[in-house]
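[1] build me a model from this:
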Amino acid sequence: MSIQSRITAGTTGTGPVSYPDFFDWRSRNSVFDGITAYHDDEFTLQNSGEAEHLDGEVVSWNLFSLLGVKPIIGRGFLPDEESAGTHVVALGYDLWARQFHADPHIVGQSITIDKQAYTVVGVAPKSFRFPVQNSRVALWTTIAHDALSADDNPPLTTVRGARTLDVIARLKPGTAVQTAQTQMDGIAAALARQYPTDNVRLAGVYIKNELDRLTGDTKRPLYILFGAVALVLLIGCTNIAGLLLLRTTERWRELAMRAALGAGRLRVIRQLLTENIALAILGSATGLFVCFLSSRFLIKMAGDSIPRITQAGIDLPVFVFLAALSIITAVLFSLPAAIQIARFDFTASLKTSTAQGTLKQDKLRNGMVVAQVAVGLVLLSGAVLLISSLMHLEKEDLGVRTDHLLTFSVGIAESQSGGGKQAAFYQELLDKLDHTPGIISAAAAYPLPLTGNQLNMAFDIQERPTSRSNRPRSDMAFVTPGYFATAGTPIIQGRDFTRLDDTKSPPVFIVNKAFADKFFPGENPIGKRIRGGPSQREIVGIVGNVRQSALNPAPEPIGYLPFYQMPGAPVSVVVHTSLPPSGVESTIRAVMSSLDQQVPVYEVRTMHDLLSAQIAEPRIYGILLSIFAGLALTLTVVGLYGSMAYSVSRRKRDIGIRMALGATRRKVASMILWQASLLLLVGIFLGLIGTVLSTTLIRNMVFGIALADPRPFLIACLVMSAAGGLAAYLPARRAAAIDPMQALRSE
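    Coordinates of the predicted model:
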């Protein structure tokens, strides 16, 4: 189970957990077999030669036992290894194999992490990933990592107001979720009464199945894509069923002759099924081959947007599913033809020169074409909506430049990360970068825009103080002087931070326009004072709106703090280059090496890369749905063309008589086009109804455009109409070219 703090009573607003709250939850509950806390962190491994940055997790001691995971060598953590001053680590399999050459005697050895000696206690299995959604985690250490004080600040493990932890737990056998929810709510309420200052906004806990939490954001889009696949398959089956009806009609004399020679109806139907199952197996084998070729590309395109997507592939369950689906679909699209054979009067067929049941077949075939048009329009409308949304995201004003802007992070060891040391390090680094050829300016910030990362702060406005539980909140970021010019964010009013805005100067604050509009409507916020934390800060500037996430529907209010007044933030460096950003990376690494060879440079990305990562999930959904819509459109066109072409070939005598009686070629072509147009109009009408009903399913996948906007639906209708018109034009042209004398003579 996943356990989160519930922020406000009566809502599902949730948040992370503090160490003291976690310790109380762990000691007071009686409903869990185990409860574990963890949070992301970054480490620098100084194993040999150049330092390497690593993603890691700080966890409570029972992580491996709670998950039922046994290290391949060594052990998990022990309870007393959560104590301050303990430095132990469990290595990921890939790190163990790459950096330590899969040394089987690594357990008990000391390695250097963040310039501290850590003892290796175990190596995780090769397939182990935790957290599941982060495949880059290379090591795990205990919460002793957070139990030491830094810069005269109390240890993080003692600060009840510092909420940084995710928590998972395993229910005791036979314990209902509601029972656990009730008990944990009671514990949270008791803590709120005991610590009203820190827990005043906590209304309880929120317990949810961990698998549901992990897949919550991606489950619906994946189901929608699966539904799109099913609809394409349905169109394909409908198309083939229509073709088989035509083929069976063409083979009526052969089938009647077989029956006359002693073949029973079941024998004829069995022959038809055998032929169609062979066809389905060949088609599935082709699809499987295409899947092998395309899956690696699709997985790479998805990035980290879908949990464990890198572990997806064609395995035995997928293969069995495809094989079963092939046989089932072969049987399904054979049913109309089988029913037709079952109703066939073979004796009467041998006495006549034409096939039976033509009117019923026409109705069934036309119904299939209408269904294909309707389903195809639903998929096409969804694809147009997602593509329009994606185009909107790429063209949206983000508040920062996305060209010639490079970002990177540096791994400063804890021994170097004290406020004064860290400020001096970044000041020297930025000064060197400012004077490096190819670099226009350099600054630092945390969190970076377009990453989706956000910091949140509660504050009081000096003129309008409120109770602690009702204080306004906004996003916040730490920036160095010159950051706004480097990032391309305009200063609308007031001034930028300067180097003089340090720990010895009066606290200051800069806000964006969304912050000013929300908290100071109709006022000039310059000179106003707010209190966020222990200090009262004066607003000295207003800047343009910047998107922390490109997927947010509107700019978020953001307040900016000067880094040199609070130099403990793990800022990333932002560099505005005059050269292509990729050509500056080696220069940046050389500058860093001249400062400290043991400080790694990592996560070197352009701002365009950050934007691409943000929209990776909607992009892959849009691309896949567009592919399915294209397949559906192609199949629909083929189905309409086949139906019209067969209708023309079967009506040659009728068309010949009409033309012999004076019908013009244009009149004949119009007759065929009108028949196709009726099918298209009915299909489009039904498709629009289906589209309106289905748009609510993709509401969370569409950004920046209104679902009520008729333009995407109009585009989809026009594309379907144009494609359908083209499919009907060729048979109509063929009908108009019929020679009436030849048509009548052949009959």
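[2] buried sites along the helix or strand in which Met301 is found?
    Met301 is part of helix 265-302, with elements assigned from DSSP states H and E. Within helix 265-302, the residues that count as buried by 16 or more other Cβ atoms under 10 Å are 268-269, 272-273, 276-277, 279-280, 284, 288, 299, 302. Placement of C-beta: from N, CA and C, glycine included.
[3] which residues of the stretch 251-400 of the chain score low on pLDDT?
    Scanning the stretch 251-400 of the chain with the threshold set as pLDDT under 70 gives 251-253, 303-305, 307, 340, 342-362.
[4] switch to 80 and redo it
    By pLDDT under 80, the low-scoring segments of the stretch 251-400 of the chain are 251-265, 267-269, 296, 298-314, 333-366, 368, 390-397.
[5] circling back to that earlier point, distance to Leu673 added to the buried residues of helix 265-302, as a markdown table?
    A markdown table is the format used below for those (distance: Cβ to Cβ, whole Å):
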| residue | distance to Leu673 |
| --- | --- |
| Val268 | 37 |
| Ile269 | 37 |
| Leu272 | 34 |
| Leu273 | 37 |
| Asn276 | 32 |
| Ile277 | 38 |
| Leu279 | 32 |
| Ala280 | 34 |
| Ser284 | 37 |
| Leu288 | 40 |
| Ile299 | 45 |
| Ala302 | 44 |
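[6] which among those gets closest to Val232?
    Taking Cβ to Cβ as the measure, Ser284 is the one of these closest to Val232, at 14.0 Å.
[7] the closest one contacts Ile328, correct?
    No: Ser284 is beyond contact range of Ile328, at 11.1 Å (criterion: Cβ atoms under 8 Å).
[8] elements contacting the longest strand that the chain contains?
    Longest strand in the chain by number of residues (criterion: DSSP state E): strand 32-45. Applying 3 or more Cβ pairs under 8 Å, 6 or more residues apart in numbering; DSSP states H and E, we find strand 32-45 packed against helix 19-28, strand 52-59, helix 63-67, strand 110-113, strand 163-171.
[9] give me the residues contacting the second one.
    Looking back up the chat, that one is strand 52-59. 36-45, 77, 95, 99, 130-131, 134, 136-143, 145-146, 409, 411, 600-603 (Cβ atoms under 8 Å, 6 or more residues apart in numbering).
[10] helices and strands of the protein: which one bottoms out on pLDDT?
    helix 346-351 (a mean of 57; mean pLDDT, DSSP states H and E).
[11] can you name the element that comes right after that helix?
    That would be, after helix 346-351 and using DSSP H and E, helix 358-395.
[12] pLDDT on the helix or strand just after that following helix, on average?
    Later in the chain than helix 358-395, the nearest helix or strand by DSSP H and E is strand 405-410. Throughout strand 405-410, pLDDT has a mean value of 92.
[13] give me the buried positions along the helix or strand following the helix holding Met301.
    Note on helix 265-302: by DSSP H and E, the next helix or strand toward the C-terminus is helix 316-342. Neighbour counts using 16+ other Cβ under 10 Å place 326, 329-330, 332-334, 336-338, 340-341 of helix 316-342 among the buried residues.
[14] which strands and helices sit next to helix 316-342?
    Against helix 316-342 (3+ Cβ pairs under 8 Å, 6+ apart) you get helix 210-250, helix 265-302.
[15] out of those, which comes closest to Ser30?
    Among the helices and strands packed on helix 316-342, helix 210-250 comes nearest to Ser30, with 20.2 Å by Cβ to Cβ.
[16] okay, angle between the longest strand of the chain and strand 405-410 too, please.
    110 degrees (axes from the mean of the first three to the mean of the last three Cα atoms, to 10 degrees).
[17] excluding chain neighbours, give the residue nearest to Asp33 in space.
    Arg170 (4.6 Å; Cβ to Cβ, 6 or more residues apart in numbering).
[18] also Ala645?
    In space, not counting the residues next to it along the chain, Ala645 is nearest to Pro731; the distance is 4.6 Å by Cβ to Cβ, 6+ apart.
[19] confidence score at that neighbour?
    82.
[20] what is the neighbour count of it?
    24 (other Cβ atoms under 10 Å).
[21] and the gap between it and Arg665?
    For Pro731, the distance to Arg665 (Cβ to Cβ, to the nearest Å) stands at 14 Å.
[22] could you chop the protein up by domain?
    Domain assignment for the chain by automatic domain parsing gives 2-208, 215-394+616-746, 412-599.
[23] so for Asp403, which of these sits nearest?
    domain 412-599 (8.5 Å).
[24] now the end-to-end length of that closest one.
    6 Å (Cα to Cα, to the nearest Å).
[25] ok, and the closest non-adjacent residue to Pro125?
    In space, and not counting its chain neighbours, Pro125 is closest to Ile72: 5.3 Å by Cβ to Cβ, 6+ apart.
[26] touching, that neighbour and Val107? I think so.
    No: here Ile72 does not reach Val107: they are 10.5 Å apart, not a contact under Cβ under 8 Å.
[27] what residue lies at the spatial centre of this protein?
    Centroid-nearest residue in the chain: Glu617, 3.3 Å away (criterion: Cα atoms, centre = their mean).
[28] how near is that one to Leu390?
    11 Å.
[29] do Thr158 as well
    Thr158 is 47 Å from Leu390, by Cβ to Cβ.
[30] next one: Val107
    Counting by Cβ to Cβ, the gap from Val107 to Leu390 is 49 Å.
[31] check Ile269 too.
    Per Cβ to Cβ, Ile269 is found 48 Å from Leu390.
[32] what residues of the stretch of helix or strand Ala97 belongs to count as buried?
    Element membership for Ala97, per DSSP H and E: helix 93-99. By neighbour count with 16+ other Cβ under 10 Å, helix 93-99 contains the buried residues 93, 95-96, 99.
[33] show me what that helix packs onto, helices and strands only.
    Here helix 93-99 touches strand 137-142, going by 3+ Cβ pairs under 8 Å, 6+ apart.
[34] good, we can wrap up now.
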